[in-house]
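Novice: show me how the following folds:
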Amino acid sequence: MDPNAMEVDKPASEPPRPAPTVILGSRLLGELDKLMCAEGADAIVHLYNWHCCGRCILRLLSIRVIELYKQTELYIQYFLRDYVTKFGKSLPPVPPQSAGEGPEFCPLCFGLLPHLERPETSDAIVAKISQSGYQLEDYALRLQLPSSLTLRHYRAWSLLQSTFPGVKLFSKGPMHDSIVEVKEAVRWVFGQATFRKLRVEHKHRARLEVFVEVSHDETKEEFKQFWPEMTDDGAKADLSDDEDKKEQQQSKKKRKRGNDNETTVLAPNPGSLSTVKAKLKEMKREELLQMAPEFPSPSKSLATYEIKFNHLPIHIAGRYIKLSRNYSQTPWVIIGTDQRIGSGSVQEVITAVLEAAFKADEVKFSSAGREDRDVRMLGRGRPFLLEFINPRKSRFGRAQYAEFQKAINSSHPDAVQIRDLQFVPPHASTVIKTSQDTKLKNYQCVVWSQDPLTPERVEAALGQVGVLTLQQYTPVRVLHRRALAMRERKIHKLTYKFIDQHHITLDMVTQAGTYVKEFVHGDLGRTRPSIREMLNVSAADLLALDVTDVQVDFPTVIDSSFDPAASASSILLDLPKPGERTVIITDEDAE
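Specialist: A predicted model of the protein is given here:
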């Protein structure tokens, strides 16, 4: 049988046979060989008489030739009628109107599949996609179906197994392992229409997700025939198999209560699709047929749907240099007021330019650690990562990222600079997270001593210091919001420079999470050893602190010659004038 040139006599009242929209190849014939028996043809007749649309008949027969689903409903009906004729079977004449136009609609898709092929439908969907404001590169379709469709498919499959026990397809296993799911057929039909008109490829996984939320009020409460105790939320359905599995996993999560070991297992939503499926799988075929012995009836109303969009997050990375001692890393506002601390924040400087470009719902900022507001971040800068949630624009070239970087650097040139701005894959976030506990950091600071110092005294105390292991209790300045704990941190390298009898500079390499300010003054003995203790002076304090390197090789260096930190002033120029020394206490995490 040549599927591209089938022709039999037809009543004059039937609409003309359409030409195939795409050429059907030899693979189709191989698929149809699975059904080369009279009972298989008889199953097609029954499904047709049960008012199933052509594509749903193909789905239940496990025909997976995408080219056939891309044909019109009218062509598929002619195709099925010609096929059963080979076995002496016949189908009623093809109606003048194609399925999907009423007055009755397919009981297994509520007319959705034929409806999606209509030019006016695909035109409306295409218009909604093109007017959505999203940058189109490719897209993935996510379908949300009413749970009444799942119930109807189980009923249909049970009846087919009972009616046609000789058809191998119906006896080989569970329904979900055999049939073509509605969402797959929708993707084939929907994807073909949008690709022709938008030239945008449909993929199983893509950055832009198009959600089609299907509803059908007529059958919204059908599940109550089987489970009256279930709520109206039974009309809900998950967006895909992945989401269904995710919901089931979440339902098994344990929630700890207080400080004891008692746990509570979160029960699944009684109206969720996963619950409906679980109940159906528990039922025997005979039990289901006893409760609903007839094939699902055709619906009297067409399924309705709503289209929504979501773009997967886009991740941008770089390194920032903070030249100001009056900029916090993130916005710092006193709780309960509108009062801000400092002149601005690194996050706001960077995101101000990028938010306008990406047009995202939200931007999340993270970095490899943080420095206090009064601490400069110099050297190569600190790695940072931006996550743009549901961005409308997502595709930018290297030249555009260079322009973004230039705009950011020119906005607050004396406060914040960035380098190596670039797109990174989603798993880059793990680099930021893991580096927080493993990285080394370089510091330079100016230390004041209340007691007079001599070069010999400093050399004796600090000249031959190897690796220092610190015992640090939670600092007093953050104890109001952090639990009391003692932790060990290491100073891997320490060198000094004598300035005068009350000042020295220190250069050090420390383990991540070291409280450097407390290492200098001792924090009332809560950090040991400390510089105050090592110098054996009555008091010592840190006057100025710079982070000179964060030893994390992320992200990729784009321009090694670009060094915005080279313009930073000497740390000695930031010393307070005599008589103006104050201890700066911040409410941020210490380095």
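
Novice: quick one: contacts for the closest residue to S567 other than its chain neighbours?
Specialist: Leaving aside its sequence neighbours, S567 sits nearest to L323 (Cβ to Cβ, 6 or more residues apart in numbering; 7.4 Å). Glycine gets a C-beta too; all of them are placed from N, C-alpha and C. Going by Cβ atoms under 8 Å, 6 or more residues apart in numbering, L323 touches R376, L378, D414, A415, V416, Q417, P564, A565, S567, A568.

Novice: quick one: contacts for the second one?
Specialist: It stands for L378. L378 touches I321, L323, D546, V547, T548, A565, A568, counting by Cβ under 8 Å, 6+ apart.

Novice: check which helix or strand the first one maps to.
Specialist: It refers to I321. Per DSSP states H and E, I321 falls inside strand 314-322.

Novice: that strand: partners in the sheet, and parallel or antiparallel?
Specialist: Paired with strand 314-322 in the same sheet, following DSSP bridges, are strand 375-389 (antiparallel), strand 416-424 (antiparallel).

Novice: pLDDT on whichever helix or strand comes after that strand, on average?
Specialist: Of the helices and strands lying after strand 314-322 in sequence (DSSP H and E), the nearest is strand 327-328. For strand 327-328, mean pLDDT rounds to 96.

Novice: lowest average confidence, helix or strand, in this protein?
Specialist: Ranked by mean pLDDT, DSSP states H and E, the weakest helix or strand in the chain is strand 263-265, scoring a mean of 32.

Novice: hang on, the earlier thing: I'd like the strands paired with strand 314-322 written out as a markdown table, with distance to Y48 and mean pLDDT added.
Specialist: Below are these laid out as a markdown table (distance: least, Cβ to Cβ, whole Å; pLDDT from 0 to 100):
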| stretch | distance to Y48 | mean pLDDT |
| --- | --- | --- |
| strand 375-389 | 47 | 96 |
| strand 416-424 | 52 | 97 |
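
Novice: go through those and name the closest to L145.
Specialist: Closest approach to L145 among the strands paired with strand 314-322 (Cβ to Cβ): strand 375-389, 26.1 Å.

Novice: mind listing what's buried in that closest one?
Specialist: Residues 375-388 are the ones in strand 375-389 that count as buried (16 or more other Cβ atoms under 10 Å).

Novice: what sits against M534?
Specialist: The contact partners of M534, taken as Cβ under 8 Å, 6+ apart, are A461, L462, V465.

Novice: ignore the last one, L506
Specialist: Y443, Q444, C445, V447, L462, L494, T495, Y496, V520, I531.

Novice: so it sits in a helix?
Specialist: No. When classified by DSSP: H, G, I helix; E, B strand; the rest coil, L506 is found to be strand rather than part of a helix.

Novice: that one and Q444: what is the separation?
Specialist: From L506 over to Q444 the distance is 7 Å, taken as Cβ to Cβ, to the nearest Å.

Novice: flag the shaky bits of the protein, pLDDT-wise.
Specialist: The chain contains residues with pLDDT under 70 at 1-14, 20-38, 94-102, 171-177, 192-193, 195, 229-274, 276, 574-591.

Novice: I'd like to know how far the residue sitting nearest the centre point of it sits from Q400.
Specialist: Using Cα atoms, centre = their mean, the residue of the chain that lies closest to the mean C-alpha position is L312, 5.1 Å off. Counting by Cβ to Cβ, the separation of L312 from Q400 is 20 Å.

Novice: neighbours of T527, just the number please.
Specialist: 26 (other Cβ atoms under 10 Å).

Novice: what secondary structure does the closest residue to it other than its chain neighbours sit in?
Specialist: Leaving out its chain neighbours, the residue that sits closest to T527 by Cβ to Cβ, 6+ apart is E518, at 4.3 Å. Assigned with three-state DSSP, E518 falls in the helix class.

Novice: so what touches stretch 119-134?
Specialist: For stretch 119-134, contacts defined as Cβ under 8 Å, 6+ apart pick out 115-116, 136, 139, 190, 193-194, 197-198, 200, 208, 210, 307, 309, 311, 359, 392.

Novice: now with 10 Å?
Specialist: Applying Cβ atoms under 10 Å, 6 or more residues apart in numbering, the contact partners of stretch 119-134 are 100, 112, 114-116, 118, 136, 139, 189-190, 192-194, 196-198, 200, 207-208, 210, 212, 305-311, 359, 390-394.

Novice: show me which of those are buried.
Specialist: By 16+ other Cβ under 10 Å, those give 100, 112, 114-116, 118, 139, 189-190, 192-194, 197, 200, 207-208, 210, 212, 305, 309-311, 359, 390-394 as buried.

Novice: ok, the nearest residue to Q417 once chain neighbours are set aside - contacts?
Specialist: Leaving aside its sequence neighbours, Q417 sits nearest to P564 (Cβ to Cβ, 6+ apart; 3.6 Å). When contacts are counted by Cβ under 10 Å, 6+ apart, P564 touches R319, Y320, I321, L323, L378, G381, N409, P413, V416, Q417, I418, R419.

Novice: next, give me the two most distant ones among these.
Specialist: Using Cβ to Cβ, the contacts of P564 span at most 16.5 Å, a distance reached by R319 and P413.

Novice: helices along the stretch 1-150 of the chain, start to end?
Specialist: Secondary structure of the stretch 1-150 of the chain (DSSP state H, counting those that start in this stretch): helices located at 26-32, 38-49, 54-60, 66-69, 73-85, 112-117, 119-130, 147-163.

Novice: distance to S178 added to the ones you listed, as a markdown table?
Specialist: Below are the helices of the stretch 1-150 of the chain laid out as a markdown table (distance: least, Cβ to Cβ, whole Å):
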| stretch | distance to S178 |
| --- | --- |
| helix 26-32 | 13 |
| helix 38-49 | 13 |
| helix 54-60 | 8 |
| helix 66-69 | 17 |
| helix 73-85 | 19 |
| helix 112-117 | 18 |
| helix 119-130 | 29 |
| helix 147-163 | 8 |
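
Novice: between these, which gets nearest to T514?
Specialist: Nearest to T514 among the helices of the stretch 1-150 of the chain is helix 119-130; the distance by Cβ to Cβ comes to 52.0 Å.

Novice: let's see that closest one as PDB, backbone CA atoms only.
Specialist: The C-alpha coordinates for helix 119-130 follow below in PDB (Å, rounded to 0.1, in the frame of the first residue of the first chain):
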ATOM      1  CA  PRO A 119      -4.700  27.500  10.300                       C
ATOM      2  CA  GLU A 120      -6.600  30.000  12.400                       C
ATOM      3  CA  THR A 121      -5.500  28.100  15.600                       C
ATOM      4  CA  SER A 122      -1.900  27.800  14.700                       C
ATOM      5  CA  ASP A 123      -1.900  31.500  13.500                       C
ATOM      6  CA  ALA A 124      -3.200  32.600  16.900                       C
ATOM      7  CA  ILE A 125      -0.600  30.600  18.700                       C
ATOM      8  CA  VAL A 126       2.200  31.800  16.500                       C
ATOM      9  CA  ALA A 127       1.100  35.400  17.000                       C
ATOM     10  CA  LYS A 128       1.100  34.900  20.800                       C
ATOM     11  CA  ILE A 129       4.600  33.500  20.700                       C
ATOM     12  CA  SER A 130       5.900  36.200  18.400                       C
END
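
Novice: flag every buried residue along that helix.
Specialist: T121, S122, I125, V126, I129.

Novice: just send those residues back as JSON lines, with distance to R152 too.
Specialist: Below are the buried residues of helix 119-130 laid out as JSON lines (distance: Cβ to Cβ, whole Å):
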{"residue": "T121", "distance to R152": "22"}
{"residue": "S122", "distance to R152": "25"}
{"residue": "I125", "distance to R152": "24"}
{"residue": "V126", "distance to R152": "29"}
{"residue": "I129", "distance to R152": "29"}
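
Novice: and which of those is nearest M291?
Specialist: T121 (35.1 Å).

Novice: mind listing what's buried in stretch 207-227?
Specialist: In stretch 207-227, counting by 16+ other Cβ under 10 Å, buried: 207-216, 218-219, 222-223, 226-227.

Novice: cool, and stretch 402-410?
Specialist: By neighbour count on 16+ other Cβ under 10 Å, the buried set for stretch 402-410 is F404, Q405, I408, N409.
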